[in-house]
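Chemist: okay, predicted coordinates and the sequence, questions at the end:
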Amino acid sequence: MDAFRQKWKKVRGIPVENHSTAAWANIRQKKPASKVPLPGDDDVELAREWVNQNQK
């Protein structure tokens with residue numbers, strides 16, 4: 001069991017996704033009532049380009 005626990009701790013410590021490049025990572029402002037984050041114009045454009053390039 002000790003080897004299993006060491007492996008589990010090692011695997012669990014690795015992040016699954018990198019959120020630093022997400023469109024919501026650089027929040028420009030938040031809507032006052034709902035507190036929904038609004039990304040900047042550059043981040044929206046990058047996300048749109050990514051979607052257009054990765055369409056099937």
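Modeler: Yes, it's here.

Chemist: longest helix anywhere in the protein?
Modeler: helix 41-53 (DSSP state H).

Chemist: name the helices or strands packed onto that one?
Modeler: Packed against helix 41-53 by the contact rule (3 or more C-beta pairs under 8 Å, 6 or more residues apart in numbering; DSSP states H and E) you find no helix or strand. Any C-beta I mention is one placed from the backbone N, CA and C, and that applies to glycine too.

Chemist: now it - C-alpha only, PDB.
Modeler: What follows is helix 41-53, C-alpha atoms only, in PDB (Å, rounded to 0.1, in the frame of the first residue of the first chain):
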ATOM      1  CA  ASP A  41     -11.100  42.300 -25.900                       C
ATOM      2  CA  ASP A  42      -7.700  40.700 -26.600                       C
ATOM      3  CA  ASP A  43      -8.600  37.500 -24.700                       C
ATOM      4  CA  VAL A  44     -12.000  37.300 -26.500                       C
ATOM      5  CA  GLU A  45     -10.200  37.600 -29.900                       C
ATOM      6  CA  LEU A  46      -7.600  34.900 -29.000                       C
ATOM      7  CA  ALA A  47     -10.400  32.500 -27.800                       C
ATOM      8  CA  ARG A  48     -12.300  33.200 -31.000                       C
ATOM      9  CA  GLU A  49      -9.300  32.400 -33.200                       C
ATOM     10  CA  TRP A  50      -8.600  29.200 -31.200                       C
ATOM     11  CA  VAL A  51     -12.200  28.000 -31.800                       C
ATOM     12  CA  ASN A  52     -12.100  28.900 -35.500                       C
ATOM     13  CA  GLN A  53      -8.800  27.000 -36.000                       C
END
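
Chemist: any idea where the helices of this protein begin and end?
Modeler: Using DSSP H, the helices of the chain run over 2-12, 41-53.

Chemist: deepest of those helices, which one?
Modeler: Each of the helices of the chain was scored by mean neighbour count; the highest is helix 41-53, a mean of 11, by mean count of other C-beta atoms under 10 Å.

Chemist: avg pLDDT for that helix?
Modeler: Mean pLDDT, helix 41-53: 86.

Chemist: returning to what we had before: got a markdown table for the helices of the chain, with distance to Lys30 too?
Modeler: Listed next are the helices of the chain as a markdown table, based on distance: least, C-beta to C-beta, whole Å:
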| stretch | distance to Lys30 |
| --- | --- |
| helix 2-12 | 32 |
| helix 41-53 | 15 |
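
Chemist: many thanks, have a good one.
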